[in-house]
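> sequence unknown, structure follows:
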């Protein structure tokens, strides 16, 4: 019972509105289906994808892995001196450092810390298969990952650092210059969307990111497809093999 109470605090702090399960409630779905209900990064509206969509199933898999990690984080938060998870301590330290700052500086701290703490590598090199998504502690245990893994870790860290769920997204983009797809975390501050990219040490506002087309957005409600984006199957999307972090 004690463990459940501890984990409940982290669930409330990080995944309010349903990241665990990653499925929208009927009310949420009806809101999202309204193209005017939500303005996403890049000024786009979006509509909910079915639960059996490949990308939604990926997101649900991350939520299941995150369930176990939240318990580890809750136990380590209660007693860091007795925590036997180095990656949990690292993640908590990143969150603590971010919480000591405000606004853009808080989000920027998470962006820099995760970029510096994770070596860019492809899923094929790490796991022998393509498109493996990992929750934050699993990512830090390996010490390497691709853009989706880093974006997921930033998304969770931002929520734990105090940003509200409604202002957080993961955005799947099409890089029209490199002809590949890319994932970033996004946070809304003062009505503007800022992108946390594993290719950049500095955050960039969405309106200043050129040559990228938003395809999907992921959040605590689920997965949505951006209107006016190509209607391609997720399985046909091509993610980069790896993405090196740009110099500060």
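Sure thing, it's come through. Remember, predicted model here, so these are calculated numbers, not experimental data. Numbering: from 1, shown residues only.
> From here on, just use CA atoms for contacts and neighbour counts.
Fine.
> Could you pull up the contacting residues of residue 194?
Listed by Cα atoms under 8 Å, 6 or more residues apart in numbering, the contact set of residue 194 reads 186, 187, 188, 203, 204, 205, 206.
> Redo those as a markdown table? Include pLDDT, secondary structure and neighbour count.
Shown next, in a markdown table, are the contacts of residue 194 (pLDDT from 0 to 100; DSSP: H, G, I helix; E, B strand; the rest coil; neighbours: other Cα atoms under 10 Å):
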| residue | pLDDT | secondary structure | neighbour count |
| --- | --- | --- | --- |
| 186 | 98 | strand | 31 |
| 187 | 98 | strand | 26 |
| 188 | 96 | strand | 19 |
| 203 | 98 | coil | 20 |
| 204 | 96 | strand | 16 |
| 205 | 96 | strand | 17 |
| 206 | 94 | helix | 16 |
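> Out of these, which is nearest to residue 110?
Nearest to residue 110 out of the contacts of residue 194 is residue 203 (Cα to Cα; 10.2 Å).
> In this structure that closest one contacts residue 188, no?
No - contact criterion Cα atoms under 8 Å: residue 203 and residue 188 do not qualify, at 11.9 Å.
> For the residue lying closest to residue 50 once chain neighbours are set aside, grab the count of nearby residues.
For residue 50, ignoring the flanking residues on the chain, the nearest one in space by Cα to Cα, 6 or more residues apart in numbering is residue 56 at 7.3 Å. As a burial measure, residue 56 scores 21 neighbours (other Cα atoms under 10 Å).
> ditto for residue 211
Using other Cα under 10 Å, residue 211 is surrounded by 12 other residues.
> wait, what's in contact with it?
When contacts are counted by Cα under 8 Å, 6+ apart, residue 211 is found next to 175, 176, 177.
> Which strands and helices lie in contact with the lengthiest helix in the chain?
Ordering each helix of the chain by length in residues (DSSP state H) puts helix 54-78 first. Using 3 or more Cα pairs under 8 Å, 6 or more residues apart in numbering; DSSP states H and E, the elements in contact with helix 54-78 are helix 2-14, helix 86-99, strand 223-226.
> can you tell me the average pLDDT over stretch 109-126?
Mean per-residue pLDDT for stretch 109-126: 96.
> Contacts for it next, please.
Stretch 109-126 is contacted by residues 94-95, 97-98, 129-132, 139-140, 143-147, 150, 153-154, 157-158, 196-199, 201-203, 240-245 when judged by Cα under 8 Å, 6+ apart.
> rewinding a little: who wins for most neighbours among the contacts of residue 211?
In terms of neighbours by other Cα under 10 Å, those top out with residue 175 at 18 neighbours.
> can you give me the strands in the chain?
All strands of the chain, identified by DSSP state E, fall at 46-48, 119-120, 144-145, 168-175, 180-189, 192-196, 204-205, 212-218, 223-226.
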